[in-house]
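Q: my questions are about this predicted structure, shown below with the sequence.
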Amino acid sequence: MPDPRQARVSDHPALVECVRTWWGDSRTPQQARELSLLLPRLFLQFFSGTSLVREGGSGEVEAFLVGFYSGDNDREAYIHFVGVDPRLRGQGVARGLYEAFFRRAAGAGRTEVRAITSPGNTGSIAFHRALGFELEAGDRELDGVPVHSDYDGLGQARVCFRRRLDGTAVTTR
C-alpha cells in the first residue's frame, strides 16, 4: 500500500471534487455539495503539514485525511475529515491514513487524537471503535451510543471520540 504524502493547498479543488463524487451515491447532489463545505481551503492553507493524501499510480487522489494539532492543547490532535474512493473501501486504506496520522502526531509530541461523527453514521462509529477510539460520555444516548446534543449547532448532534497514542486509557476531564 503506498504511503500517503503531505497534503498541499493545491490539493483543495481535487479533494472537494472527491467529496462531491464519492458521497454522490448516498446523497443528493445538493447534500454532497453541502458536505464538501466542511472542507474549506483554509484547512489546507493552515494544516497541510498535518494532513495526508494518498495518490494512485497516475497521480489521482485515492484517499485523504485532513487533521491538525491543537493550538490550545499541546497533547491533542484532531482528525477533521477523511475520504476514501468507494472502490477502495474495506481494503485498509482509511486505517492506513489514520495510522500514519497517529505516527506523525506522536512524533510531534501529541498523546491523544480526537474525532467526531454524526450519531447515524454507524459505520464510522464502528470504524473508530475498531481503531481503539473511546466514545466520550454525552448528554444523552441514542441506540446505546453517547451523543452530544447540539454539538455543531441546533439539532446537530455528534458522537465524540478520543484515542490515546501511547496505549493507555483515556481519562475524562
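A: Arrived safely. For clarity, every value in this text was computed on a predicted model and none was experimentally measured.
Q: and the pLDDT at the residue of the chain positioned farthest from its centre?
A: Distance from the C-alpha centroid of the chain, by Cα atoms, centre = their mean, peaks at Ser58 (24.7 Å). For Ser58, the pLDDT comes out at 91.
Q: got the buried residues for the helix or strand of the chain with the lowest mean pLDDT?
A: Lowest by mean pLDDT, DSSP states H and E among the helices and strands of the chain is helix 29-36, with a mean of 88. By 16 or more other Cβ atoms under 10 Å, the buried positions in helix 29-36 come out as 32, 35-36. Backbone N, C-alpha and C define where each C-beta goes, glycine included.
Q: output the longest helix belonging to this structure.
A: Among the segments of the chain that qualify as a helix by DSSP state H, the longest is helix 93-107.
Q: buried ones in that helix?
A: Buried, per 16+ other Cβ under 10 Å, within helix 93-107: 93-94, 96-98, 100-102, 104-105.
Q: ok, so of the residues you listed, who is nearest Ser51?
A: When the buried residues of helix 93-107 are compared for distance to Ser51 (Cβ to Cβ), Phe101 wins out at 8.5 Å.
Q: tell me the secondary structure of the nearest residue to the closest one once chain neighbours are set aside, please.
A: With sequence-adjacent residues excluded and distances taken as Cβ to Cβ, 6 or more residues apart in numbering, Phe101 is closest to Gly67, at 5.2 Å. Classification of Gly67 by DSSP: H, G, I helix; E, B strand; the rest coil places it in strand.
Q: from Phe102, how far out is Gly67?
A: 10 Å (Cβ to Cβ, to the nearest Å).
Q: the helices in the protein, which residues?
A: Under DSSP H, the chain gives helices at 12-22, 29-36, 42-47, 93-107, 122-130.
Q: quick one: the fourth one to helix 122-130, angle?
A: So that's helix 93-107. 40 degrees (axes from the mean of the first three to the mean of the last three Cα atoms, to 10 degrees).
Q: what's near enough to touch the residue nearest the centre of the chain?
A: Nearest to the mean C-alpha position of the chain, counting by Cα atoms, centre = their mean, stands Phe81 at 3.6 Å. Phe81 makes contact with 19, 38-39, 43, 64-66, according to Cβ atoms under 8 Å, 6 or more residues apart in numbering.
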